[in-house]
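Engineer: Sequence first, then the predicted structure:
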Amino acid sequence: MRVMVMVKATQQSETGQLPSEQLLKDMMEFNNELVEAGIMKAGEGLKPSSEAVRVHFSGRERSVTDGPFAETKELVAGYWIWEVDSMEQAVEWVKRCPNPMESDSDIDIRPIFEIEDFAEIDPEGEIARGEEQLLNTMAGRNATVEPYLFFGGTCEDALRFYREAIGAEVGMVLRFSESPEPAPEGMVPEGFENKIMHCDFTVGNLRIMASDGCNEGEAPSGFRLALSVPTEEEAHRLFDALADGGTADMPLTKTFWSPCYGQVTDRFGVGWMVMVPGE
């Protein structure tokens, strides 16, 4: 179950009084324990209500009131979101918390509604499916997508080629023999001990991750990397460099979306679309 753990405001916190250095250290240590235990999912301190606003709803009318607000005992100075097995577990963790204020203080624990709690008024599960889609959308918008290429034993040669042909900058390189944990028996082909287990390189402003993988001779397929450059001269230069030892699948030409566009598959089987962006 999820709970919101709320640190109630005090007269001191409402004046904007900051915690002592020792209290900050103690709270940081406690938060580290929560994270290590898999309990803490989020948490922040809140500024005093003097910097807040309150929006009041009355039918279709809305009114806004600037802080500060008088009832300190009703205000929240900070919060956590925890994932716990029970309210009893949440209480035990709160008891271990350092006093979050320099004076006496209170912490409230409130269970968070889960979509299952609304099953009675959502018998067909339509609201639940909408909630799941909404959560997926939020997670996706916080994600970072980066291409990952597998070269089937030629990754080191590919890094050298991209460095020379298109100015790639190579970052970390980790070989199978350098892995902090041994690979499962039979996973890594014989002779791959010094092949690249993981690496990254940057072309322009795109970071690409890569590996030799665990299948000798495997080549990337089913996709292309789009490489955009400002001028036709640069497009021809990079297209020709990538085509060296590879295949010019579509020579550079003018299209309705680009003044200069072409497709090439390099010597390692990676497909590229080289283009000058259109207006």
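Structural biologist: That came through fine.
Engineer: chain center to the host helix or strand of Asn136: distance?
Structural biologist: Applying DSSP states H and E as the criterion places Asn136 in helix 126-141. Averaging C-alpha positions (C-alpha atoms, centre = their mean, to the nearest Å) puts helix 126-141 17 Å from its chain's average.
Engineer: Now Asp108: which helix or strand?
Structural biologist: strand 107-111.
Engineer: Now Leu149: phi and psi?
Structural biologist: phi -110, psi 140 (degrees, to the nearest 10).
Engineer: Quick check, it in contact with Gly213.
Structural biologist: No: applying C-beta atoms under 8 Å, one finds Leu149 not in contact with Gly213, separated by 9.0 Å. Yep, even glycine has a C-beta here, placed from its N, CA and C like the rest.
Engineer: Neighbour count: these two, which is higher?
Structural biologist: Gly213 (23 against 20; other C-beta atoms under 10 Å).
Engineer: Just grab the bridge partners of the nearest residue to that one once chain neighbours are set aside for me.
Structural biologist: Excluding the flanking residues, the one nearest Gly213 by C-beta to C-beta, 6 or more residues apart in numbering is Phe150, at 3.7 Å. Per DSSP bridges, residues listed as beta-bridge partners of Phe150: Ser211.
Engineer: likewise Arg224?
Structural biologist: Counting by DSSP bridges, Arg224 is bridged to Gly271.
Engineer: and Phe150, what pLDDT?
Structural biologist: As predicted, Phe150 sits at a pLDDT of 90.
Engineer: ugh, wrong one, Asp157
Structural biologist: 96.
Engineer: can I assume it sits in a helix?
Structural biologist: Yes: assigned with DSSP: H, G, I helix; E, B strand; the rest coil, Asp157 falls within a helix.
Engineer: how much space between it and Ser179?
Structural biologist: As for Asp157, its distance to Ser179 is 21 Å (criterion: C-beta to C-beta, to the nearest Å).
Engineer: Now Val64: phi and psi?
Structural biologist: Residue torsions, per degrees, to the nearest 10, at Val64 are phi -120, psi 130.
Engineer: quick one, what contacts it?
Structural biologist: By C-beta atoms under 8 Å, 6 or more residues apart in numbering, the contact set of Val64 is Val53, Arg54, Val55, His56.
Engineer: Quick check: chain neighbours aside, which residue is closest to the last one?
Structural biologist: Looking back up the chat, that one is His56. Ser63 (4.7 Å).
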